[in-house]
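1. Structure of the sequence below:
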Amino acid sequence: MKLKPVDWQPLPEVYRLAREAQIQAEVDLFRARSNARFLEATARRGETHGAHTVLNRGQG
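-> Take a look at the predicted model:
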């Protein structure tokens with residue numbers, strides 16, 4: 001493994017916190033988009049198939 005220079009200093013805490021905030025924002029955006037797609041797909045399935053037409057065939 002390559003050794004670090006003698007005068008090496010880690011990045012300030014501010015950079016780590018900024019990276020964490022950016023990653024969290026990306027995760028939140030991904031979740032919001034995923035939930036929106038799920039709700040749209042659920043709504044489409046409900047409109048297309050109705051209320052369990054296969055189960056209600058013999059009734060009525």
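2. in this protein, which spans are helices?
-> With helices called from DSSP state H, the chain shows them at 13-49.
3. tell me the centre residue of the protein?
-> Centroid check for the chain by CA atoms, centre = their mean gives Arg31 as the closest residue, at 2.5 Å.
4. roughly how far apart are that residue and Val6?
-> Counting by CB to CB, to the nearest Å, the gap from Arg31 to Val6 is 44 Å. In short, each C-beta sits where N, CA and C put it, glycine included.
5. Next: Thr42.
-> Distance from Thr42 to Val6, by CB to CB: 60 Å.
6. Of those two, give the one with the bigger neighbour count.
-> Between Thr42 and Val6, counted using other CB atoms under 10 Å, the more crowded position is Thr42 (10 against 5).
7. For the more buried one, report the pLDDT, please.
-> Note for Thr42: predicted pLDDT of 88.
8. do the one 3 residues further on as well
-> Reading off the per-residue confidence, Arg45 sits at a pLDDT of 80.
9. now swap in the one 10 residues further on and tell me
-> According to the predicted model, the pLDDT of Leu55 comes to 55.
10. Just the CA trace of stretch 30-38, in CSV.
-> Extracted as CSV, the C-alpha positions of stretch 30-38 are listed here (Å, rounded to 0.1, in the frame of the first residue of the first chain):
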residue,chain,number,x,y,z
PHE,A,30,-34.7,8.6,-5.6
ARG,A,31,-37.2,7.6,-3.0
ALA,A,32,-39.7,10.3,-4.0
ARG,A,33,-39.4,9.3,-7.6
SER,A,34,-39.8,5.6,-6.8
ASN,A,35,-42.9,6.3,-4.6
ALA,A,36,-44.4,8.4,-7.4
ARG,A,37,-43.9,5.7,-9.9
PHE,A,38,-45.4,3.1,-7.5
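11. from the chain's centre, how far out does it sit?
-> 6 Å (CA atoms, centre = their mean, to the nearest Å).
12. same thing with stretch 6-24?
-> 24 Å.
13. Contacts for it next, please.
-> For stretch 6-24, contacts defined as CB atoms under 8 Å, 6 or more residues apart in numbering pick out no residues.
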